[in-house]
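[1] Below are the sequence and a predicted model; questions follow.
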Amino acid sequence: MNTANAIGFFLLGTVMQVAALTASPSAGSSIGLADTQTLWLQLMGLVTGAIGAGYLLRMGAQEMSVMLNRLVLRRSEAREQITQGARARQAMPVGVRVRF
């Protein structure tokens, strides 16, 4: 499944839920048949929408994880550069001999 399919599943589930809520039982049908059709629309709308929403949430969580990892890496690199710059600017104490 790709993102476009997941969006389609989610929208189809939403349409099915709305159709079930707006459907009124027709006067000629028996009470059991209309209730069964509405229940079926609601159930299938919930399942279809949940499949699409679950995939979209999973993809969003993966993208968020990648973005957070990049942010942490950038921050640690910046912190390392700051500490290296601070070490380079430190003056040598008086009386220290440096041997190469």
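    Now that the structure is in, tell me what you want to look at.
[2] From here on, just use CA atoms for contacts and neighbour counts.
    OK.
[3] any low-confidence regions in this protein?
    Applying pLDDT under 70 to the chain flags the ranges 24-34, 86-92.
[4] That one: helices as residue ranges?
    Per DSSP state H, the chain carries helices over the ranges 3-22, 31-89.
[5] and among the ones you listed, the most buried is which?
    When the helices of the chain are scored by mean count of other C-alpha atoms under 10 Å, the highest mean neighbour count falls to helix 3-22 (a mean of 17).
[6] Check which helices and strands that one sits against.
    helix 31-89 (3 or more C-alpha pairs under 8 Å, 6 or more residues apart in numbering; DSSP states H and E).
[7] quick one on the thing from earlier: can the helices of the chain go into a markdown table with extra columns for distance to residue 96?
    Formatted as a markdown table, these follow (distance: least, C-alpha to C-alpha, whole Å):
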| stretch | distance to residue 96 |
| --- | --- |
| helix 3-22 | 64 |
| helix 31-89 | 16 |
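[8] and of the ones you listed, who's closest to residue 97?
    Nearest of these to residue 97, taken as C-alpha to C-alpha: helix 31-89 at 16.9 Å.
[9] can you give me how far the closest one is from the chain middle?
    Taking C-alpha atoms, centre = their mean, to the nearest Å, one finds helix 31-89 lying 2 Å from the centre of the chain it belongs to.
[10] From the contact counts, what lies against that helix?
    Judged by 3+ C-alpha pairs under 8 Å, 6+ apart, the packing partners of helix 31-89 are helix 3-22.
[11] From residue 54, how far off is the residue most central in space within the chain?
    The centroid of the chain falls nearest to residue 60 when counting by C-alpha atoms, centre = their mean (2.3 Å). Separation of residue 60 from residue 54 (C-alpha to C-alpha, to the nearest Å): 10 Å.
[12] Also residue 21?
    From residue 21 across to residue 54, the span is 23 Å (C-alpha to C-alpha).
[13] on that earlier part again, give the full set of residues in contact with the residue nearest to the centre of the chain.
    Applying C-alpha atoms under 8 Å, 6 or more residues apart in numbering to residue 60 gives no contacts.
[14] please redo it, this time with the cut-off set to 10 Å
    By C-alpha atoms under 10 Å, 6 or more residues apart in numbering, residue 60 lies in contact with 54, 66.
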